[in-house]
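Novice: Have a look at this prediction, sequence included:
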Amino acid sequence: MSENVQAQVKIAPPIRIKLSVMMFLEFFVWGGWFVTLGTYLAQNLEASGSQISLAFLTQSLGAIIAPFIVGRIADRFVSAQKLMGVLHLAGGVLLLIASRADSFGGFFPLILINMILFMPTLALANAVAFRQLQDPGRQFANIRVFGTIGWIIAGLLIGWLGWEQSHNLQLTLVMAGIAALILGVYSFFLPPTPPEPSDRSGWREILGLDALSLLKNRAYLVFFCSSIAICIPLAFYYNFTNLYLNEIGVKSAAAVQTLGQVSEVGFLLAMPLLIKKLGFKKTLAVGMAAWALRYICFGFGDTGALFFLIVIGLLLHGVCYDFFFVAGQVYTDRFAGPGLRSSAQGMISLATYGVGLLIGSLISGPIVDSFATGGGHSWLGIWLIPAAIAAVVLIGFYALFREDATTRAKATETAR
């Protein structure tokens with residue numbers, strides 16, 4: 001790389017620091033309460049599995065509503081950093097109020113509104129970062145990694161303070177609420193990110209629905225349907241892993257779960273090489289197979305001699321997430337081409353984090369309730385169900401998906 005090109009991809013230290021702190025706080029706020037939500041609801045509010053799933057379903061509702069907020073407000077009327085500040089300030093207050101709720105009925109509406117406010121901030125944080133970077137393809141990962149670090153630090157802090165064992169998980173909401181207030185104020189000091197002129201004039205374009213034409217292609221239709229279907233077993237992981245670890249007696253479960261985020265960083269670095277060597281079909285299949293394997297590991301693992309199975313299951317998070325969801329985003333980008341890239345990414349995000357996780361949350365709660373016992377749950381029976389679902393999705397995907405040679409060639413060129 002020439003000195004001229006190197007100069008172009010450097011980020012000014014003050015900007016790098018501001019954006020890195022923004023990402024750290026963004027995901028610290030989310031990971032600070034979301035990971036342990038299932039355990040908190042079961043321990044403190046005596047919620048059922050269906051109620052726990054209903055609480056996690058708020059993420060999907062937030063993801064569905066987010067494009068309306070970002071697409072119609074941030075893209076047209078208000079600077080992204082200012083809107084992010086307002087949303088975090090309001091969300092922080094709601095988290096602090098939610099920490100004092102003494103019933104699920106009082107807790108749910110607060111957390112629903114909070115997630116509707118929070119989910120758009122993920123896109124807003126990305127928008128602020130992208131506008132400050134000269135070469136996002138090279139520079140963004142070095143900024144985004146601080147978000148993963150923020151999520152990890154939140155989990156380690158919860159484990160170190162022992163809030164799970166002492167049944168004081170309401171303090172996670174206080175911690176996240178205070179962090180959200182800090183980020184809300186901090187957002188007003190981020191680099192200005194005013195609205196840009198856009199040709200996205202209607203709801204169809206904002207929601208990515210103009211990319212529906214991609215579904216006429218059989219390969220992309222199979223990928224699209226598989227993406228929604230694989231989010232059903234994903235909901236089991238998000239909603240109940242922390243409760244599972246606490247019920248079987250894993251100490252500092254939230255801290256142990258950060259192994260998944262650590263592996264995510266490592267496997268993300270390996271993903272371009274895997275796509276280059278195997279192509280999209282086999283890379284995506286590896287990701288789906290990892291979902292089935294991780295649930296089998298959870299089902300047969302314990303806190304004794306088979307604890308290593310739980311560790312493997314957690315470390316597989318990097319494979320599950322990077323080799324399917326991140327690789328799927330790359331595949332969508334290459335398949336859609338310049339004209340539909342943004343719309344296609346919006347459509348696949350709405351389908352997975354919105355529709356897919358919503359279906360998964362509605363299904364997972366009743367299933368977990370059906371395996372309830374006097375002292376907790378029969379987790380082997382629970383985990384084998386999402387393992388089977390992931391296996392069926394994998395078989396269907398591998399049998400029906402036909403990778404386009406042109407798309408694979410573009411991916412290989414990108415991975416170099």
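Specialist: Alright, I've got the coordinates.
Novice: Tell me which other helices or strands the strand or helix carrying residue 151 touches.
Specialist: Assigned by DSSP states H and E, residue 151 belongs to helix 136-161. When contacts are defined as 3 or more Cβ pairs under 8 Å, 6 or more residues apart in numbering; DSSP states H and E, helix 136-161 packs onto helix 13-34, helix 104-132, helix 170-187, helix 253-257, helix 259-300. C-betas here are computed from N, CA, C, even on glycine.
Novice: Which residues are in contact with the residue lying closest to residue 320 once chain neighbours are set aside?
Specialist: Counting by Cβ to Cβ, 6 or more residues apart in numbering, residue 290 is the residue found nearest to residue 320 once chain neighbours are left out, at 4.6 Å. Taking Cβ atoms under 8 Å, 6 or more residues apart in numbering, we find residue 290 in contact with 316, 319, 320, 323, 324.
Novice: and if you look at residue 299?
Specialist: 379, 380, 382, 383, 384, 387.
Novice: and if we set it to 7 Å?
Specialist: Listed by Cβ atoms under 7 Å, 6 or more residues apart in numbering, the contact set of residue 299 reads 379, 380, 383, 384, 387.
Novice: give me phi/psi at residue 78?
Specialist: Main-chain dihedrals, residue 78, degrees, to the nearest 10: phi -130, psi 140.
Novice: separation between it and residue 294?
Specialist: As judged by Cβ to Cβ, to the nearest Å, residue 78 and residue 294 stand 41 Å apart.
Novice: Over to residue 395?
Specialist: From residue 395 to residue 294 the distance is 17 Å (Cβ to Cβ).
Novice: More neighbours: which of these two?
Specialist: residue 294 (28 against 12; other Cβ atoms under 10 Å).
Novice: ok, and the closest non-adjacent residue to residue 351?
Specialist: Here the residue nearest residue 351, using Cβ to Cβ, 6+ apart, is residue 228, at 5.3 Å.
Novice: where does the protein have low pLDDT?
Specialist: 1-9, 67, 69-76, 136-138, 196-210, 337-343, 345-346, 404-416 (pLDDT under 70).
Novice: most centrally placed residue in it?
Specialist: Relative to the mean C-alpha position of the chain, the nearest C-alpha, by Cα atoms, centre = their mean, is the one of residue 353, at 7.8 Å.
Novice: correct me, but the residue nearest to residue 351 touches residue 355?
Specialist: Yes: between residue 228 and residue 355 there is a contact under Cβ atoms under 7 Å: 5.8 Å.
Novice: of those two, who's got more company?
Specialist: A count of neighbours by other Cβ under 10 Å puts residue 228 above the other of residue 228 and residue 355, at 19 against 16.
Novice: does that one belong to a helix or a strand, and which?
Specialist: helix 218-247.
Novice: one step back: out of the contacts of residue 299, which end up buried?
Specialist: Listed as buried from the contacts of residue 299 are 379, 383, 384, 387; burial here means 16 or more other Cβ atoms under 10 Å.
Novice: Please identify which of those is nearest to residue 166.
Specialist: Closest approach to residue 166 among the buried ones among the contacts of residue 299 (Cβ to Cβ): residue 379, at 22.9 Å.
Novice: quick one on the thing from earlier: and the buried ones among the contacts of residue 299, which two are the farthest apart?
Specialist: The widest separation within those (Cβ to Cβ) is 11.9 Å, between 379 and 387.
Novice: Let's verify residue 101: helix, strand, or coil?
Specialist: coil (DSSP: H, G, I helix; E, B strand; the rest coil).
Novice: Which phi and psi values does it adopt?
Specialist: Here residue 101 shows phi and psi, under degrees, to the nearest 10, equal to phi -70, psi 140.
Novice: For it, give me its contacts.
Specialist: 107, 110.
Novice: Not counting residues beside it along the chain, what's closest to residue 107?
Specialist: Nearest one to residue 107, counting by Cβ to Cβ, 6+ apart, is residue 101 at 3.9 Å.
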